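Colleague: the following comprises the amino acid sequence and a computationally predicted model.
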Amino acid sequence: MAGGRSGTPAGAQWGAVALVVVLAIVVGAVAYIAYDRANPDGGAQSAAPVPTFSLGVESASPTPTEASPDIAAVAREDDRFLSIGSGAWWRSTAGVCGGDEPLVERSDDGGQSWTDVTGRYRDITAVAALDAFAETEAEMVVAVGEGCETQGWRTFTQGAFWEPYDDLVLSAARYVSPADAGVVELPSGAIDAPCADARGLHAAGDVVALVCDAQAWVLDADGATWTTLETDGAAAVAVDGADVVVAGAASDCAGIALTRFAGADPAQPAAAGCADEADVTAPTAIAVTGEGTVVWAGETLTTVSG
């Protein structure tokens, strides 16, 4: 029949088109989800932060430096002196007037063994200074008797006998007064110490150094004022020529750290070694030799080279 329509009706055609569109959308959605799961960072949106996890090990930040141990002042009678001559080593505890007596010892084998040479027969009550001289001999500033009288002693018999030599010893000695730890005695007269409980004074030539309030101090050229030699804490000092060596605490030393101040200058500190096995909180004394610094702390006696 002329002019008549053939094929699928219009409603059916639109239904088919709609079905195709729906199927395309579903297929596209499924494809997108699959792609997104396979490529979580590949979308147009900015990537979400990557989650972090801790498995017991943290490495993002540096390990903080361990704090230096505190140096507590030991009992005054436990303060120490150490002096090394070419033929004998000498050491002593300080003792205290009216309290524990000192113990003075000599070693002829580099500190391997010690002999008691205290000189009790002269009623010694305290030691304020100890210095080796003449290869195998020594001299001391001591307190004697109930009155805590200050005397200068020397031995010419390797410590077997001590004799008073005030005119030779006291006239040139620098020491903390046995009767008043806030006073330093000099040949020119008495001056105030940097604190009321000065310890471990050492002197050689024009250099005078001591410990006060767990810090090292050096006497200025005017002979009356003191300057701090700053470290993390000081337990003992020694004078080596014009230099001052300080034994104390440091964050990078498990035991006793040594610091050398060239020319006793507070602006010129230099690390001088570490006595790892020594206890920085124990009574301590040091002495410098040609082989290094001898550290006497607690029951430990060791030499740190350098």
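Modeller: Done, it's in.
Colleague: residues contacting F261?
Modeller: With contact set as C-beta atoms under 8 Å, 6 or more residues apart in numbering, F261 has these partners: V218, L229, D243, V244, V245, V246, Q268, P269, A270. Placement of C-beta: from N, CA and C, glycine included.
Colleague: would you turn those into a markdown table with neighbour count?
Modeller: Shown next, in a markdown table, are the contacts of F261 (neighbours: other C-beta atoms under 10 Å):
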| residue | neighbour count |
| --- | --- |
| V218 | 21 |
| L229 | 24 |
| D243 | 20 |
| V244 | 27 |
| V245 | 24 |
| V246 | 27 |
| Q268 | 12 |
| P269 | 16 |
| A270 | 11 |
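Colleague: got TSV for these, with secondary structure and pLDDT too?
Modeller: Below are those laid out as TSV (DSSP: H, G, I helix; E, B strand; the rest coil; pLDDT from 0 to 100):
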residue	secondary structure	pLDDT
V218	strand	98
L229	strand	98
D243	strand	98
V244	strand	98
V245	strand	98
V246	strand	98
Q268	coil	96
P269	strand	97
A270	strand	97
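Colleague: save these as TSV, and put in distance to A193 too.
Modeller: Shown next, in TSV, are the contacts of F261 (distance: C-beta to C-beta, whole Å):
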residue	distance to A193
V218	12
L229	15
D243	21
V244	16
V245	20
V246	17
Q268	24
P269	22
A270	26
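Colleague: which one among those residues gets closest to G255?
Modeller: Distance ranking of those against G255, using C-beta to C-beta, places V246 first at 14.3 Å.
Colleague: touching, that closest one and A216? I think so.
Modeller: Yes: look at V246 against A216 with C-beta atoms under 8 Å: they come within range, at 4.4 Å.
Colleague: hey, what's in contact with both of those two?
Modeller: With C-beta under 8 Å, 6+ apart, V246 and A216 have common neighbours L229, T231, A234, V237.
Colleague: quick check on those: which are buried?
Modeller: L229, T231, A234, V237 (16 or more other C-beta atoms under 10 Å).
Colleague: what two of those residues are the furthest from one another?
Modeller: T231 and V237 (10.2 Å).
Colleague: list the buried residues of stretch 166-182.
Modeller: By 16+ other C-beta under 10 Å, the buried positions in stretch 166-182 come out as V169, L170, A173, R174, Y175, V176, S177, P178, A181.
Colleague: repeat for stretch 155-163
Modeller: Residues of stretch 155-163 classed as buried: T155, Q158, G159, W162 (neighbour count, 16+ other C-beta under 10 Å).
Colleague: can you check stretch 77-92 too?
Modeller: Neighbour-count burial for stretch 77-92, counted by 16+ other C-beta under 10 Å, picks out 77, 79-85, 88-92.
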